[in-house]
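[1] Predicted model and sequence follow; I will ask about them next.
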Amino acid sequence: MNFLKQNRIFFSVLLLCLIVFSSLQIISCNSAENLESVISSINTETQRASSLKEELLLYKGLEEDSKASMLDLEVLAETEKDQHRFWNNILNSSQNIFTTWKKKSPESINADITRLYSNLREICKTNNIYFQQDEANNINIFGTKNESEGKQYGFGLSSYDGYWPNFSKEEAQLLGIQSKIITSLIDFLTESSSSDHKILLIHILRESAGKEDSQHIGSDLLSIQNIRNKLVRFDGGLKTFSFQIKFKSHTSHARSFINQLIPPFLLRDLIVSRSDESISTNLGQVAPNPFSGEKEIMEQSLPIVQNVESTFTLLVEYVYQIDRDFEPFMSKAIKGGKVDKETLTNFLESSGNSQTRSKIEKKLTTREAP
């Protein structure tokens with residue numbers, strides 16, 4: 001007892017330690033299960049974090065790809081703007097006969113074509129332009145001129161000189177437009193003529209304007225093998241008329257004619273051939289002079305050019321309609337995908353198609369509505 005009293009502090013500390021130890025032991029036993037649970041959660045989160053890092057690696061270059069895509073979109077918008085400007089220049093709406101054409105009745109178009117024959121024949125006669133058939137019919141057996149010179153030439157429309165089939169309104173309009181295009185070709189030819197040398201107009205051929213026209217066009221029909229390979233038109237996008245004009249003249253006349261073929265006229269093919277009559281050999285000396293030198297012999301055998309005329313055959317295409325509606329293309333492109341409206345708006349404005357924005361956005365709104 002005296003021992004306990006003398007060592008009271010020692011036993012107090014010992015008792016306290018036992019109490020603390022017992023408390024910690026109890027706490028340790030109770031928290032062992034919780035600790036294992038926490039360690040398991042930490043391992044799970046670690047694995048999840050690793051998995052997320054692997055997934056993020058797939059999107060590591062997404063920002064760079066997005067920037068590259070935006071640059072490609074700017075290039076595409078600029079290309080579209082250039083294409084729009086190019087085809088507008090080709091169509092040349094302000095001077096295009098088709099776009100400026102005012103609808104007429106078939107009877108009115110018949111009257112216009114009837115007047116066209118006499119007008120064009122008189123214009124050609126005034127500007128030193130003759131016709132192929134006149135060369136054969138101009139001289140009769142008495143050696144005098146034929147008074148009906150040029151009166152039968154039809155300028156690609158010879159079937160309707162005094163005859164008018166039952167055309168539909170649409171086909172009659174196209175035929176009337178073709179007659180105006182032919183008039184322009186003759187105007188170009190008259191602008192190219194001169195009083196010094198004549199132009200011999202051999203023929204003007206054209207494509208059929210429709211079903212009824214194809215039954216009556218006759219010898220004026222333009223028929224060239226693989227002609228589609230020479231033309232710019234294509235189905236569903238570009239509509240054109242094709243003509244072939246053939247004439248015999250000096251090169252300067254043909255050069256002037258070609259220079260006037262600005263859009264919507266397109267020169268698609270050119271064939272130049274020299275006439276057999278343009279070159280004649282020197283027949284004055286039957287055999288070379290044995291006393292002449294080599295140079296003199298060559299000069300004596302050279303042909304003498306008497307006529308510098310050539311025959312020019314030109315395939316001319318006239319663009320009258322271009323279908324470049326941007327709205328269907330964009331509607332198809334954005335179908336079924338998410339679209340950033342700000343990016344779409346910027347693209348339409350920079351490509352010159354801002355007028356279609358409201359229609360396209362309306363389709364987007366309709367698609368997104370529940």
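    Perfect, I can see it now. Numbers count the residues shown, from 1 in each chain.

[2] Now do the contacts for Leu344.
    Each residue near Leu344 by C-beta atoms under 8 Å, 6 or more residues apart in numbering is listed here: Ile334, Arg357, Ile360, Glu361, Leu364. No exception for glycine: its C-beta is placed from N, CA and C like everyone else's.

[3] Check which helix or strand the second one maps to.
    Read that as Arg357. Arg357 is part of helix 357-368, with elements assigned from DSSP states H and E.

[4] contact partners of that helix?
    Glu327, Met330, Ser331, Ile334, Val339, Lys341, Leu344, Thr345, Leu348, Glu349.

[5] What is the nearest of these to Ile181?
    Glu327 (30.5 Å; C-beta to C-beta).

[6] mind checking the SS state of the closest one?
    Per DSSP: H, G, I helix; E, B strand; the rest coil, the local secondary structure of Glu327 is helix.

[7] That one: what's it in contact with?
    Per C-beta under 8 Å, 6+ apart, neighbours of Glu327: Thr356, Lys359, Ile360.

[8] how far away is Ala172 from Gln132?
    28 Å (C-beta to C-beta, to the nearest Å).

[9] higher neighbour count, these two?
    Neighbours were counted for Ala172 and for Gln132 using other C-beta atoms under 10 Å; Ala172 has more, 26 against 15.

[10] Just give the nearest non-adjacent residue to the more buried one, would you?
    In this structure, Ala172 finds its nearest non-sequential neighbour in Pro106, 3.9 Å apart by C-beta to C-beta, 6 or more residues apart in numbering.

[11] Equivalent analysis for Ser94, please.
    Nearest non-adjacent residue to Ser94 (C-beta to C-beta, 6+ apart): Thr100, at 7.7 Å.

[12] did I read that right, that neighbour in a strand?
    No. Under three-state DSSP, Thr100 sits outside any strand and is assigned coil.

[13] Let me know the pLDDT of it.
    If you check Thr100, the pLDDT there is 94.

[14] For it, the count of nearby residues, please.
    Quick note: Thr100 (other C-beta under 10 Å) scores 11 neighbours.

[15] how close does the residue nearest to Ala172 get to Ser168?
    Taken as C-beta to C-beta, the span from Pro106 to Ser168 is 8 Å.

[16] which one of the two has more residues nearby?
    Pro106 (18 against 12).

[17] residue contacts, that one?
    Contacts of Pro106 by C-beta under 8 Å, 6+ apart are Trp164, Phe167, Ser168, Lys169, Ala172.

[18] OK, contacts around the second one?
    I take that to be Phe167. Pro106, Leu175, Gly210, Glu212, Asp213.

[19] so which of these comes closest to Ser37?
    Distances from Ser37 to the contacts of Phe167, taken by C-beta to C-beta, are shortest for Gly210, at 87.8 Å.
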